[in-house]
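Trainee: Give me a 3D structure for the following:
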Amino acid sequence: VQVKSENRKTIWNTEEVPEGSEFDDTWDPREQPEYEILFKQHVGTEDVFFGMSGKDPSTACCEDIVVKIKLPETKCSDITLDIQDKVLDLRTPKKKLLLHLPYPVNSKDGRARFLSEEEILEVTLRISRKFDLINFA
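Mentor: So this is what the prediction gives:
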């Protein structure tokens, strides 16, 4: 079977390459830290008591993604964090995390804080959504 491509010398089409694959490093021996992804939703009294905004508890109505990464025996100065639209790339001397995010985010509008007592890095990222009937603000 021959694949049609725009240029016969190309080995693959750009659609075949997964987004964020340029960050993959399969030869890196560092282990992946434990992490969890949470979704954050801003609600007011009109949502809680009256349900006026049409929001529901699903991730489709959330504004932020919060990623909590456990980094034992790590100092804040050892952490390198790179955020792209759909990829979170974290590196420390002992750990490496390449996380493909469930939703595209605004890579310029986020914050990170290191909770040294818990040894957790908490990264909050604003979800970049197209406006629809639920997400109109």
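Trainee: Count the residues that sit near the closest residue to Y35 other than its chain neighbours.
Mentor: If the residues on either side of it in the chain are set aside, Y35 comes closest to I69, at 4.5 Å by CB to CB, 6 or more residues apart in numbering. Where C-beta positions appear, they are placed from N, C-alpha and C, glycine not excepted. Taking other CB atoms under 10 Å as the criterion, the count of residues near I69 is 25.
Trainee: what do you get for the one 3 residues further on?
Mentor: Look at P72: counted by other CB under 10 Å, it has 11 neighbours.
Trainee: Report the contact partners of it.
Mentor: With CB atoms under 8 Å, 6 or more residues apart in numbering as the criterion, the residues that contact P72 are E119.
Trainee: Over to L115?
Mentor: Counting by CB under 8 Å, 6+ apart, L115 touches 121-122.
Trainee: next structured bit after the biggest strand by length in the chain?
Mentor: Ranked by residue count and defined by DSSP state E, the top strand of the chain is strand 105-115. Scanning the chain past strand 105-115 towards its C-terminal end, the next helix or strand to appear is strand 120-127 (assignment: DSSP states H and E).
Trainee: Now do that following strand and strand 105-115, the angle between them.
Mentor: Inter-element angle recorded for strand 120-127 and strand 105-115: 160 degrees (by axes from the mean of the first three to the mean of the last three CA atoms, to 10 degrees).
Trainee: quick check: mean pLDDT across strand 120-127?
Mentor: Taken as a whole, strand 120-127 carries a mean pLDDT of 95.
Trainee: hmm, who's touching it?
Mentor: Contacts of strand 120-127 with the rest of the structure, by CB under 8 Å, 6+ apart, involve 40, 62-71, 79, 81, 83, 88, 90, 101, 103-107, 109-115.
Trainee: Recalculate using a threshold of 6 Å.
Mentor: Contacts to strand 120-127, defined as CB atoms under 6 Å, 6 or more residues apart in numbering, come from residues 64-71, 103, 105-106, 109-114.
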